[in-house]
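# here is the input, now give the coordinates:
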Amino acid sequence: MKTSKISVGLATLLFVGAFALTSCKKKTQEVSVPTPEPEDTEQTSASDNNLSESYVSDIESMGSQASENNTLLTYKSSDGSQTGQIDLAPCAVVTTSVVAGVRSHTIDFGASGCVGADGRTRTGKLIYVSTGGFYRNPGFAITVTSQNYVVDGNTVTINNKTISNTTPTTIPSGVNPGTNLSWAITATITIQKAGGGTISWNCNRTKELTNTTDTLCYKGQNRPIIWSKAKIKLTGTASGSNASNESYSVVATNLIRDFNCAPDPVNRPHRHPFIGGTVLYTPAKRLPRLIDYGNGTDCDFNATITINGKTYAFTLN
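Predicted coordinates for the structure are as follows:
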C-alpha cells in the first residue's frame, strides 16, 4: 500500500510535469518574435532637397545681381569702384533691354560649359523679366524662365519662378532705412539628375537682407546693393518628389547664406553654402529628417542630419 501510494503520487507528479512542459513548448511555439526593421539611415532624399535649395537660391541670387548691376562680371558701387567678383566667370554673357519700363536680362552660359568661380559648370540660358525698377526697390517684381539650363550635368527646368520686393513702401530713400529689405519667392522647378531620377520641387519663401543697416552692403535706394557683402535669411515651405519618386514636404527655418563666407577660397572662391538654420524634411514613407546647417557663424561645408534621434554628419555639395 505504501509503495502503491508513492507510485501514484510519483505518476501524478510526472503527468503534471509533462503537461506543464508540453504547455510551455506549445506556448513557445505560438509566440512569434517580430523581425526588427532595418535602421533608417537613408540620406539621399535629403541631399536631393539640399541640391534643389542650392540651385534655386543660386538662380535667385544671379537674378538679383544682374538686375542691380546689369553685369555678372563685377559688383560696382555708385562711384564706379570695383568691390568684388560675383559668383560667375566672365564666360557668362548678360544682355539687357528695357521696353516701356519692363527690363529683360538674359544670362547666356553658352553651349560648351561655363565654369564659374563657384566651381559649378553651367550651360544654357536664364531669362529674367522685371518691373518696378531695381531689385532693391519696394514693389519690384521679376519672373524667371530657363532654356536648356544645365548645372554640373543636372538639367534644371524652371516651370515657374517669381520674386517680389515686399519691403514697406514707407522705406526712406537714404542710407539705413531702419528695416531690412525683404522679398517673397515662389518657385516650381524640376531637376533631371545626371545620375538618373527627376526631382520635383515647389517652394514659397521669404528672403531678408539681414545686414541692411551695413553701409558696406546697402547704401540706400539710389545705389545698387553690394552683394559680395550681403547676408541673407530664407524661411518658408516646400514640397515635391525626390529622385526616387517619393513625395515629401519641407519646412525651412532661418537658412543663412553669407556672401562674405567662402569655405574653399582657392578652388571655389564664390561657393557660398548655407551656414545656418534648419530644414525639416518629411518623406511620405520615412521618418522626418532634420537638416542642421549650423549657427550661422561657422564658415564651412559641414552640416548634420538627424533621423530618429541619431545624428549623422555630411558635407554640402
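# distance of the residue nearest the centre of the chain relative to residue 201?
In the chain, the centroid-proximal residue (Cα atoms, centre = their mean) is residue 53; its distance is 2.4 Å. According to Cβ to Cβ, to the nearest Å, residue 53 stands 8 Å off from residue 201. (Glycine included, C-beta is placed from N, CA and C.)
# identify the contacts common to those two.
In terms of Cβ atoms under 8 Å, 6 or more residues apart in numbering, residue 53 and residue 201 are both contacted by the residues residue 238.
# backbone dihedrals for the residue nearest to the centre of the chain, please?
Backbone torsions for residue 53, taken as degrees, to the nearest 10, come to phi -60, psi -50.
# my read: it touches residue 255, true?
Yes - here residue 53 reaches residue 255: they are 7.4 Å apart, a contact under Cβ atoms under 8 Å.
# where exactly do the helices run in the stretch 101-250 of the chain?
Assigned by DSSP state H, counting those that start in this stretch, the helices in the stretch 101-250 of the chain number zero.
# what stretches of it score poorly on pLDDT?
171-177 (pLDDT under 70).
# okay, and residue 67 sits in which element?
Element membership for residue 67, per DSSP states H and E: helix 44-69.
# the nearest residue to residue 194 once chain neighbours are set aside: neighbour count?
Take residue 194 and drop its neighbours on the chain: the residue closest to it by Cβ to Cβ, 6 or more residues apart in numbering is residue 153, 3.3 Å away. Using other Cβ atoms under 10 Å, residue 153 has 12 neighbouring residues.
# in this structure residue 153 contacts residue 196, no?
No - counting by Cβ under 8 Å, residue 153 stays clear of residue 196, with 11.2 Å between them.
# returning to what we had before: off-centre distance for the helix holding residue 67?
Computed by Cα atoms, centre = their mean, to the nearest Å, the separation of helix 44-69 from the middle of its chain amounts to 8 Å.
# now do it, average pLDDT.
In this model, helix 44-69 has an average pLDDT of 77.
# in it, what's buried?
Using 16 or more other Cβ atoms under 10 Å as the test for burial, helix 44-69 gives 45-69.
# so what sits against both of residue 53 and residue 255?
274, 279.
# now the residue nearest to the centre of the chain: how far from residue 232?
13 Å.
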